[in-house]
Each structure stands twice: as C-alpha cells, then as structure tokens.
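Provided below are the primary sequence and the corresponding predicted coordinates.
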Amino acid sequence: MVTEIGDVKIALGVLELIVGLAATEVEGVSGLSGGMIGSISDWLKQGPTKGVKINFDDSTVDIDLRLAVNYGISIPKLGKAVQENVRKAVESMTSCKVRVVNVYIDRLSGPTSS
C-alpha cells in the first residue's frame, strides 16, 4: 500500500497470523490443521499459522485454510462463519481486499467426557 509519505508493506507471516487467529476465534474450531499430506514447509510450520496458505498481490488476497473442528458442530455454518471472520479481520487490519477464503475441514475433534 502506498501512502503520501511512502510504502506500507505487510509481511506474509503477518497475514498468515491474522488469518489463523481469526479462524480460531470462531466457536467450534478446535485448531488449524496441516492436512494429511502437505509440503515439507507446511509440516515444519507450527502454531497459529499451520494450515494457512495465502496468495496475494498488491491488494488482493486468496486464502486457503485447513481446520480441525469439534464433533457435533454444523460444518457448513462453521465454514461460513470462519470465512466471514477471516475476511473481516484481514480487510479491517490490512486494507487488502479478500477475494476468496477456501475452508477445508481436515480433522474432527471427538466429544469430550465431562
């Protein structure tokens, strides 16, 4: 992004962190998932950016997000809530336009006993 006094550049890692945190804020998301099969870089990635893949140019962002979700949750409703929360967070914090948020459910966390 260019301002009247210079450039503002956002590192890919910052975008990944925003996406990962926004996704895990949604009730029913138990965490991010690297998927069953991934690249070596995906395997090495840990924490709040694991399972996040971003492609972006100067102002448009495409997001692929792999999640683990809680058993019993409505997956279609959860997916839509994640898409909306991620889009809102990225656009409000970065001024980048989110073109797509693709959500892939890779894992299901079983019910817990109380």
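All right, it came through fine.

Am I right that residue 22 falls within a strand?
No - counting by DSSP: H, G, I helix; E, B strand; the rest coil, residue 22 falls outside a strand, being helix.

With residue 97 as the reference, measure out to the closest residue to it other than its chain neighbours.
In this structure, residue 22 finds its nearest non-sequential neighbour in residue 89, 3.7 Å apart by CB to CB, 6 or more residues apart in numbering. Where you see a C-beta, it was placed from the backbone N, CA and C, and this is true even at glycine. Per CB to CB, to the nearest Å, residue 89 is found 13 Å from residue 97.

sorry, back to before: what's the burial count for the residue nearest to residue 22?
By the criterion of other CB atoms under 10 Å, residue 89 has 17 neighbours.

quick thing: my sequence starts at 4, can you match it?
Fine by me, first position is 4 from now on; the one you just mentioned is residue 92.

State the three-state secondary structure for it.
Note that with three-state DSSP, the state of residue 92 is helix.

ok, it touching residue 18?
No - using CB atoms under 8 Å, residue 92 makes no contact with residue 18, being 10.1 Å away.

all helices of this protein, in order?
With helices called from DSSP state H, the chain shows them at 15-27, 43-47, 78-97.

Okay, buried residues for the last one please.
For helix 78-97, the neighbour count (16 or more other CB atoms under 10 Å) marks 81-82, 84-86, 88-90, 92-93, 97 as buried.
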